[in-house]
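# Quick one, structure for this:
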Amino acid sequence: MQTNHEIFMLVAEEMSISKAAERAFVTQQCVSDHIKRLEQQHNIMLFTRRPRFQLTPAGETMLQSLRNIKILENNMYSNLHQMSTGIMGKFTVGISASRAQVILPRVLPQYYSYFPKVKVAFSLDDTIIMEEKLLKGKIDLFVGINAHIREEFCITPLCNDEICLIISDSLLKRHFGEQTEKILQSEADLSQFSEIPFTESFKTGAINQVMQQYLDDNHISLKKIYSISDSDTQISLCASGLCASLCPKMLLARVSNHNLLCSPSQFIHILPLKGLQQKLRVEIIHPGNVFQPDYIKKFIEVMINQMAQY
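Residues are numbered from 1 along each chain as shown. Below you'll find the model as predicted:
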């Protein structure tokens, strides 16, 4: 990729000449000159300077095109490297921290038997952030939840997951008393849990978005006290009797282990949610316009086979 294109992408990402200059280790005048030459070359304005610094429609078009070129360029270098070395290579996978704990121990041993010399890095983020990273060429593929459908993406379904309520026995009895057994015999009606403290996932998480829509549709307001997307921490907080939580069923294996060793008051109940029809779509996403080397194709294949068991 040409230097002026790389400078343009830095400016578009930072929306600042000075910050782009710092990242490129050049002067602000140098950055301005690169942008000016690009604008003169194409006879268009790439940025508006007032009332605020932002991309023009032409600038948006150039940015998206250059991002695609960067992905193709990175892929070309990766493929050439693979051709020169046979089975060596490297790639980056996006995945949430909580799902990484569940999925990777199932996938990596089998994948390693096929490509022991391939280096795999993992970027831990929520789906909405990983979508942007994939578009920018910062990751090669990702495991997402309810990913947006875009023409740039190739989306392969892995499995469906459902959201459950988890709550300790002590917190349940503290709020429902003699009604506890009745509550445990049916799906959880969250309108009955409005006075119970909850920990929620970050707003960028797909779980939070699905649940907020469900709560809005049913005119339910929960007492959300804590925000953290790590399921292990949510489970620990629930076990302490401090709060309840809403978690994907796939991530609750640790609850079973906890319940084998805990005191009766710390026992965590897992309840399905009344009226929640929407499932979480667990998917693997990679660029649709890019040739994938064999070691990435095999990673996707192993992932699909392992996740089919859910």
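# list the buried ones in stretch 171-188?
Judged by neighbour count using 16 or more other Cβ atoms under 10 Å, the buried positions of stretch 171-188 are 171-173, 175-176, 183, 188. To be clear about C-beta, it is placed using only N, CA and C from the backbone, and glycine gets the same treatment.
# Ends of it, what's the gap?
Taking Cα to Cα, to the nearest Å as the measure, stretch 171-188 stretches 14 Å from start to finish.
# shift numbering so it begins at 12
OK, 12 is where the count begins now, so the last one is stretch 182-199.
# ok now that stretch, how far from the chain's centre?
Computed by Cα atoms, centre = their mean, to the nearest Å, the chain-centroid distance of stretch 182-199 equals 34 Å.
# wait, what's in contact with Val118?
Neighbouring residues of Val118 by Cβ atoms under 8 Å, 6 or more residues apart in numbering: 310, 313-314, 317.
# so which of those residues comes closest to Pro283?
Using Cβ to Cβ, Gln317 comes nearest to Pro283 of these, at 25.0 Å.
# Might one say that the closest one is in contact with Pro120?
No. If you go by Cβ atoms under 8 Å, Gln317 and Pro120 don't touch, sitting 9.9 Å apart.
# starting at the chain centroid, how far to stretch 128-144?
8 Å.
# Most neighbours out of the contacts of Val118, which is it?
In terms of neighbour count, Phe310 stands highest of those at 26 neighbours, by other Cβ atoms under 10 Å.
# Nearest residue to that one in space, please, no chain neighbours.
Leaving aside its sequence neighbours, Phe310 sits nearest to Tyr122 (Cβ to Cβ, 6 or more residues apart in numbering; 5.6 Å).
# okay, now that neighbour: neighbour count?
Close neighbours of Tyr122, defined as other Cβ under 10 Å, add up to 20.
# just Pro120 next, same as before
Counted with other Cβ under 10 Å, Pro120 comes out at 11.
# and it, that one's in a strand?
No. Assessed with DSSP: H, G, I helix; E, B strand; the rest coil, Pro120 is helix; it does not lie in a strand.
# was I right about the residue nearest to Phe310 contacting Lys309?
Yes. Counting by Cβ under 8 Å, Tyr122 touches Lys309, with 6.7 Å between them.
# shaky segments in the stretch 162-311 of the chain?
By pLDDT under 70, the weakly predicted segments of the stretch 162-311 of the chain are 214-215.
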